[in-house]
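K.L.:
Sharing a model prediction with you, sequence too.
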Amino acid sequence: MGAQIRTYTYATALSVWNGAGFAKLNIRDTEWPREGSQRRYFARFAPRLLTGDPISFSEAMRLDLPARPIALVSTSVEMSPTLKRRLAGFYEAPVIDWYSLVETGPIGYFCPRGGAYHQIAHDIHLEVLRPDGTPVEPGERGEIVVSGGRNPFAPLIRYRTGDFGRIDDTACACGDPMSRIVDLEGRAPILFRAADGTPVSTVDVSRLLREFPLLLHEFVQRADRRCDLVLRALPGAAPSLDEIRRALGKLFGEVPIELRFDPTLGDRTEGKAVAYRSELMVED
């Protein structure tokens, strides 16, 4: 399930699981015909397994969706221990936290007994590198890179994930012999909220901004929900800040948004422009 302004939704049957039903749902209020439709849907169909990301699961709790699954599977971005505990208590079910990438699919799962992520992908080779690109010593922390993958048209060779951790090959208390990624620092979920408290996805903001002739942007939401947006326009283009503000208002409502152009955005030596940041916590 997801919680976006717009996303693909569909239902199908999975032949590999003996015809089990699967539905990709968007649980935002605007995607349903009447108030409370989501609750009635979940109560009637009683899904046995819920999959999503930390933001959609947080929204499911806010909407009080009446599911009683046997497990919840979280993927895409890192889930905090606080949210994991809240979810497990709210739905009275274990939370299976996957480490995965769009480029590879699932890489590992979090082992409660081992306190780390066991590798499950047999066709991916994991390494940990120092900033200079050299391999770390056993047990040393660094950036996780992957080689291999199941897409024959995009073979990965030491593909930099932007995630950090260390590889532990010692025996785990759970008995799983696969290596573990310890102290994983993955991509944290970025949560924006509209004036009414509903989540706004970075995907929704990107979809809106690409309608304007922009080269780069940095969008930040503060703890009080006001937003700052710095833009770098394409050479020779002059998009209207008022038009961009009105468009963003359709996503955020009455949230104050400060906009400005910076023709040097991305040229600074301290690093690339960070497209999205938020001071809000998913647990809030």
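P.N.:
Thanks, I have the structure now.
K.L.:
where in this protein is pLDDT low?
P.N.:
Residues of the chain that meet the criterion pLDDT under 70 lie in 268-272, 283-284.
K.L.:
Could you break it into its assigned domains?
P.N.:
If you go by automatic domain parsing, the domain ranges for the chain are 10-119+164-185, 192-278.
K.L.:
Turn those domains into JSON lines, including mean neighbour count.
P.N.:
(Each C-beta comes from the backbone N, C-alpha and C, glycine too.) What follows is these, written out as JSON lines (neighbours: other C-beta atoms under 10 Å):
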{"stretch": "domain 10-119+164-185", "mean neighbour count": "16"}
{"stretch": "domain 192-278", "mean neighbour count": "15"}
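K.L.:
Would you convert those domains into CSV that also reports distance to residue 146?
P.N.:
Putting these into CSV (distance: least, C-beta to C-beta, whole Å) gives the following:
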stretch, distance to residue 146
domain 10-119+164-185, 6
domain 192-278, 21
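K.L.:
Can you say which of those domains is nearest to residue 2?
P.N.:
Among the domains of the chain, domain 10-119+164-185 comes nearest to residue 2, with 5.2 Å by C-beta to C-beta.
K.L.:
End to end on the closest one, go ahead and measure it.
P.N.:
Across its full length, domain 10-119+164-185 reaches 33 Å between end residues, using C-alpha to C-alpha, to the nearest Å.
K.L.:
likewise stretch 53-73?
P.N.:
End to end - C-alpha to C-alpha - stretch 53-73 spans 8 Å.
K.L.:
returning to that earlier point: of all the domains of the chain, which lies closest to residue 151?
P.N.:
Ranking the domains of the chain by proximity to residue 151 (C-beta to C-beta) places domain 10-119+164-185 first, at 7.7 Å.
K.L.:
looking at this, residue 67 is in a strand?
P.N.:
No. Under DSSP: H, G, I helix; E, B strand; the rest coil, residue 67 falls outside any strand and is assigned coil.
K.L.:
Relative to residue 257, how far out is residue 212?
P.N.:
In this view, residue 212 and residue 257 are 14 Å apart by C-beta to C-beta, to the nearest Å.
K.L.:
same question, residue 98
P.N.:
In this view, residue 98 and residue 257 are 34 Å apart by C-beta to C-beta.
K.L.:
cool, and residue 90?
P.N.:
Going from residue 90 to residue 257 by C-beta to C-beta gives 32 Å.
K.L.:
do residue 208 as well
P.N.:
Counting by C-beta to C-beta - residue 208 and residue 257 are separated by 12 Å.
K.L.:
what is in contact with these two at once?
P.N.:
residue 248 (C-beta atoms under 8 Å, 6 or more residues apart in numbering).
K.L.:
who touches the residue most central in space within the chain in this structure?
P.N.:
When C-alpha atoms, centre = their mean is applied to the chain, the residue found nearest the centroid is residue 77 (3.8 Å). Counting by C-beta under 8 Å, 6+ apart, residue 77 touches 53, 54, 186, 187, 188, 189.
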